[in-house]
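Colleague: The following block contains a protein sequence and its predicted model.
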Amino acid sequence: MKCERNCPKNAIHADNGIPLFCMHCNPDKAPCLNICPEGAIEELGGAIVVNEEDCIGCGMCRDVCPIGAIEIVRGTANKCDLCINEESQQCIDSCPTEALVDDHSKLVSNKQSKFIKELLKLKASNED
């Protein structure tokens, strides 16, 4: 999958063609953030991120993540950080079907556009 290959943190893994990555839970409910004994996982600009300098690689965050989005790599927790240090999110930019969005309104707009396109096709076929 393109999103998997283009992720700069190698934090997306496909399972039966479905990309799995961090959902950036609400900070009050994020299991990884709340279990970290060193406070190395924090909310930053809407993203749940790992401070690699503070992480001790204990794996507790990995163990409590409900979707398995955290790995321990070279003694440090590794997960999607929404490309917080990049100009754009590589997974979104490379998704050929535009299935990944960073704005819910875009998702709704995309679905509406597809629906309208299908209605227009149906109308055209009925006119023939």
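Modeller: Sure thing, it's come through. On a predicted model such as this, the values are computed, not experimentally measured, just so you know.
Colleague: With adjacent residues omitted, what lies nearest to Ala47?
Modeller: The shortest distance from Ala47 to any non-neighbouring residue, by Cβ to Cβ, 6 or more residues apart in numbering, is to Leu82 (4.1 Å). Where you see a C-beta, it was placed from the backbone N, CA and C, and this is true even at glycine.
Colleague: isn't there a strand covering that neighbour?
Modeller: No: Leu82 is assigned coil when assessed by DSSP: H, G, I helix; E, B strand; the rest coil, not a strand.
Colleague: so how far is Asn10 from it?
Modeller: According to Cβ to Cβ, to the nearest Å, Leu82 stands 15 Å off from Asn10.
Colleague: Tell me which of the two has more neighbours.
Modeller: More crowded of Leu82 and Asn10, by other Cβ atoms under 10 Å: Leu82, with 21 against 13.
Colleague: circling back to that earlier point, report the contact partners of the residue nearest to Ala47.
Modeller: His24, Gly45, Gly46, Ala47, Gln89, Asp102 (Cβ atoms under 8 Å, 6 or more residues apart in numbering).
Colleague: Done for today, thanks.
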